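Trainee: below is the sequence, then the predicted model.
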Amino acid sequence: MFERLRKAFGSLLEKVSTQELSGKKLEELLEDFKLHLVENDVAYVVAEHIVEKLKEEVSGLRVGRFEDKRKPLTEALRRVLLEILSSGGSLNLLALAGEKREAGKPLTIVFVGINGTGKTTTIAKIAKYFSDRGFSVVLACADTYRAGAIEQLEAHAKRLGLKMVKHEYGSDPAAVAYDAVAHAEARGVNVVLVDTAGRMETNRNLMEEMAKIVRVSEADLVLFVGDALTGNDAVAQAEEFSRFVRLDGSILAKVDADVKGGAAISIAYITKKPIIFVGVGQGYGDLEPFNPESFVEKLVGGSD
């Protein structure tokens with residue numbers, strides 16, 4: 001994964017080995033690098049930020065005649081990327097669920113995103129993640145529009161041995177979320193995971209309805225599910241969703257198939273919220289906590 005973006009970083013570092021870290025040559029190298037970033041799903045405003053930070057870090061830096069010029073730029077690149085990917089802090093779902101359980105309340109998480117991002121499958125993965133660690137889970141299908149949506153989530157619930165709260169198609173999605181939370185409170189269930197209808201970020205009515213679901217369910221967390229393969233589209237979606245509801249974090253699906261890698265950097269920069277998990281396959285266990293250090297090492301360190 002991330003082959004193309006990794007090659008862009010490698011190309012920059014290789015070129016720097018033959019150039020001075022200052023003046024017009026550095027400007028030209030970084031401008032070329034910015035274009036490579038944009039070509040690999042790094043949003044333009046984010047690419048500009050990265051290049052400007054690199055200029056601040058290395059401009060005028062004196063490197064000995066026989067020293068490797070790549071080293072200071074590599075370290076600067078690591079710092080800049082880690083600053084972006086860590087700017088939203090961290091979010092420990094298990095710790096939050098534990099705190100809520102001690103207080104006798106369920107942790108309620110609402111998942112949002114557009115159609116086709118793998119949101120429902122991601123919710124099933126999160127359900128297994130909690131279940132495997134001793135938390136009881138109830139699923140809520142607040143997608144009462146898309147044909148087959150209820151059946152899809154229900155199939156996941158049956159495979160995982162979980163309860164699912166549902167209403168009829170066409171009913172109020174917020175009422176489903178409300179009933180799921182009430183069910184959890186009455187039966188001591190630890191975690192409520194609410195699936196919402198995938199919606200285009202341009203549909204104001206559906207976006208306002210999403211805000212109602214979050215409000216009525218008194219959601220503890222709202223997580224954006226984006227498709228890594230959609231690149232900058234995922235960034236625009238996250239930015240627009242955040243205009244209607246608060247986003248507490250993101251989950252990137254299909255990262256295993258992403259040869260570019262820029263979407264993660266861009267979403268972290270735009271939302272200023274942590275990326276919590278990445279999807280790396282179709283199985284219920286194919287969900288990995290996002291580690292900024294490991295991600296940066298794959299890009300800059302050249303490891304797989």
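Mentor: Great, that's in hand. Numbering: from 1, shown residues only.
Trainee: low pLDDT regions in the stretch 1-150 of the chain?
Mentor: For the stretch 1-150 of the chain, applying pLDDT under 70 flags the ranges 1-2, 16-23, 60-69.
Trainee: just the strands from it, written as ranges.
Mentor: Under the criterion DSSP state E, counting those that start in this stretch, strands of the stretch 1-150 of the chain are mapped to 107-112, 137-142.
Trainee: what packs against the last one?
Mentor: With contacts defined as 3 or more CB pairs under 8 Å, 6 or more residues apart in numbering; DSSP states H and E, strand 137-142 has these neighbours: helix 119-131, helix 149-160, strand 163-165, helix 173-187, strand 191-196. Every residue, glycine included, has its C-beta placed from N, CA and C.
Trainee: given it, what are its sheet partners and their directions?
Mentor: Under the criterion DSSP bridges, strand 137-142 sits next to strand 163-165 (parallel), strand 191-196 (parallel) in its sheet.
Trainee: how about TSV for these, with mean pLDDT added?
Mentor: Output for the strands paired with strand 137-142, formatted as TSV (pLDDT from 0 to 100):
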stretch	mean pLDDT
strand 163-165	97
strand 191-196	96
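Trainee: highest mean neighbour count out of those?
Mentor: strand 191-196 (a mean of 27; mean count of other CB atoms under 10 Å).
Trainee: helix 119-131 and that one, what's the angle between them?
Mentor: Computed by axes from the mean of the first three to the mean of the last three CA atoms, to 10 degrees, the angle separating strand 191-196 from helix 119-131 equals 180 degrees.
Trainee: contacts only, for Ala184.
Mentor: Contacts for Ala184 (CB atoms under 8 Å, 6 or more residues apart in numbering) come out as Pro106, Thr108, Val138, Asn190, Val191, Val192.
Trainee: hmm, 7 Å instead?
Mentor: Ala184 makes contact with Pro106, Val138, Val192, according to CB atoms under 7 Å, 6 or more residues apart in numbering.
Trainee: gap between the closest residue to it other than its chain neighbours and Glu154?
Mentor: For Ala184, ignoring the flanking residues on the chain, the nearest one in space by CB to CB, 6 or more residues apart in numbering is Pro106 at 3.9 Å. Distance, Pro106 to Glu154, by CB to CB, to the nearest Å: 20 Å.
Trainee: neighbour count winner among those two?
Mentor: Per other CB atoms under 10 Å, whichever of Pro106 and Glu154 has more neighbours is Pro106, with 26 against 15.
Trainee: surely the more buried one meets Val181?
Mentor: Yes: with contact defined as CB atoms under 7 Å, Pro106 reaches Val181; the gap is 6.5 Å.
Trainee: any residues in contact with both of those two?
Mentor: Val192.
Trainee: so how far is Ala127 from the nearest residue to Leu93 once chain neighbours are set aside?
Mentor: Using CB to CB, 6+ apart and skipping residues adjacent in sequence, the residue nearest Leu93 is Ile276, 6.8 Å away. Look at Ile276 and Ala127: by CB to CB, they are 15 Å apart.
Trainee: those two: which has the busier surroundings?
Mentor: More crowded of Ile276 and Ala127, by other CB under 10 Å: Ala127, with 24 against 21.
Trainee: can you tell me the closest non-neighbouring residue to the more buried one?
Mentor: Spatial nearest neighbour of Ala127, excluding adjacent residues (CB to CB, 6+ apart): Val137 at 4.9 Å.
Trainee: tell me the bridge partners for that neighbour.
Mentor: Val191.
Trainee: my read is that it contacts Leu162, right?
Mentor: Yes: taking contacts as CB under 7 Å, Val137 lies within contact range of Leu162: 5.5 Å.
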